[in-house]
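> The sequence and its predicted three-dimensional model are supplied below.
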Amino acid sequence: MDKGDVVCDYHGTLMSDAEGRGREDSIYRFFFKELCIDASSRCDCHPEVETYGRFLNHSRKRPNLKPKRFDLTFPDGPRELLVFLALQNIKVGEELLWDYGVTRTSFGGEGPCLVGYVATR
């Protein structure tokens, strides 16, 4: 894939930020601005097709993808779409990674596990 290519999308149920934060049992949530996409189940627009955006891994140091939100118009009305764009040329077999944007205080203090922090007991 070449730099700037759309690699995949992130599909799911679109909801408010507050509703998304209330779904603690869901592990595939993407928050952006005041919205959240819950990708725990397949989307309503094509439930028979698997989407892969929810399976991408995190890297703060070497991301090769970035999320980008688009507003598109469909026959049934406008819809927000989230896609992942290649930040660089990506070779076949290369792991797809993006920076979740997590800090040490994210998720009620559970962010350290994603930012390389090693807890001591």
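Yes, it's here.
> which ones are touching residue 90?
Going by CB atoms under 8 Å, 6 or more residues apart in numbering, residue 90 touches 1, 7, 64, 96. Any C-beta I mention is one placed from the backbone N, CA and C, and that applies to glycine too.
> how near is the residue nearest the centre of the chain to residue 58?
Closest to where the C-alpha atoms of the chain average out (CA atoms, centre = their mean) is residue 30, at 4.8 Å. Residue 30 sits 12 Å away from residue 58, going by CB to CB, to the nearest Å.
> where are the low-confidence patches of this structure?
32-33, 41-45, 102-121 (pLDDT under 70).
> which residues in it form helices?
Applying DSSP state H to the chain gives helices spanning 17-21, 106-109.
> Measure how buried residue 20 is and give me the count.
21 (other CB atoms under 10 Å).
> next one: the one 5 residues further on
Neighbourhood size, residue 25 [other CB under 10 Å]: 6.
> same question, residue 12
Residue 12 has 24 nearby residues by other CB under 10 Å.
> Which ones among the contacts of residue 90 map onto strands?
residue 7 (DSSP state E).
> What is the nearest of the contacts of residue 90 to residue 79?
Nearest to residue 79 among the contacts of residue 90: residue 7, at 19.6 Å, using CB to CB.
> Spatially, which residue comes closest to that closest one, not counting chain neighbours?
Nearest non-adjacent residue to residue 7, counting by CB to CB, 6 or more residues apart in numbering: residue 84, 4.8 Å away.
> tell me the contacts of that neighbour?
Contacts of residue 84 by CB under 8 Å, 6+ apart are 6-10, 53, 56, 65-68, 96, 98.
> On the strand side of things, show who it bridges to.
Counting by DSSP bridges, residue 84 is bridged to residue 8, residue 67.
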